[in-house]
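> Sequence plus the predicted model coming up.
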Amino acid sequence: MKAIKITQELKDENPKLFANMQVGQIYRFNPPKKIVIEDYVVHGFDKNDDLQNEVGFKNLIIPEYDQSTEKLGEIIEDGENYTYEVMPLTDEELDARIPNEMRFLQFKIELNRLGLSDQNIKDTINYALENNLIDEQTHYEAMLKWNQATDMMRKDPVILELLPLANQLNNTNVTIEDINDIFRNSTGV
């Protein structure tokens, strides 16, 4: 795999080949079979490494990186080669990689491992209603979901809203990150 830094001379001599490329930018680009150099058409250019080097083609090295937390950025010069910058994933990109749904039973089992049982959650939902923290409709929806749902959404507003209360009532400390880990490690739906 090769890349090249586009020069004005390259664009002027090969307008169709480099039409959509900006001067000064580096692009992943395999050498073409023919190219114009100093007003001469060079055939077999893709087989001539020395001439490719003269024009500015260099090997493109893909660096090692942790795909779970990093991504490849722009192509940069690195001595005799080109390579990709390695950049950390943003919080939004990391969040987007977490599955959004999982089997509800699996979620309950994992929540129980963190100290919140099925009954703890039901008691929390009832406590919230008794203390006017939620209205009757929200209570009904939460109980229905908790007792009959087949799938759990990671950002379920009712369950996540009640998490701090569940922690307080049950002397636990289950965090949103713990919930994300449950989904991250799930087998999905």
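Received it, and whenever you're ready, just let me know what you need.
> per-domain residue ranges of this structure.
According to automatic domain parsing, the chain comprises the domains 2-89, 98-184.
> Of these, flag the one that's most buried.
Ranked by mean neighbour count, the domains of the chain are led by domain 98-184 with a mean of 16 (mean count of other C-beta atoms under 10 Å). Just so you know, the C-beta spots here come from the backbone N, C-alpha and C atoms, and that holds for glycine as well.
> Would it be right to say that residue 3 lies in a strand?
Yes: looking at residue 3 with DSSP: H, G, I helix; E, B strand; the rest coil, it is inside a strand.
> Am I right that it is in contact with residue 60?
Yes: counting by C-beta atoms under 8 Å, residue 3 touches residue 60, with 4.2 Å between them.
> Could you tell me which residues touch both of these two?
Each of 28, 75, 82 lies in contact with both residue 3 and residue 60 under the rule C-beta atoms under 8 Å, 6 or more residues apart in numbering.
> Just send the domains of the chain back as a markdown table, with mean pLDDT too.
A markdown table is the format used below for the domains of the chain (pLDDT from 0 to 100):
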| stretch | mean pLDDT |
| --- | --- |
| domain 2-89 | 93 |
| domain 98-184 | 92 |
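> next helix or strand past whatever helix or strand residue 93 lives in?
Element membership for residue 93, per DSSP states H and E: helix 91-96. Going down the chain from helix 91-96, the next helix or strand is strand 101-103, by DSSP H and E.
> Perfect, that will be all.
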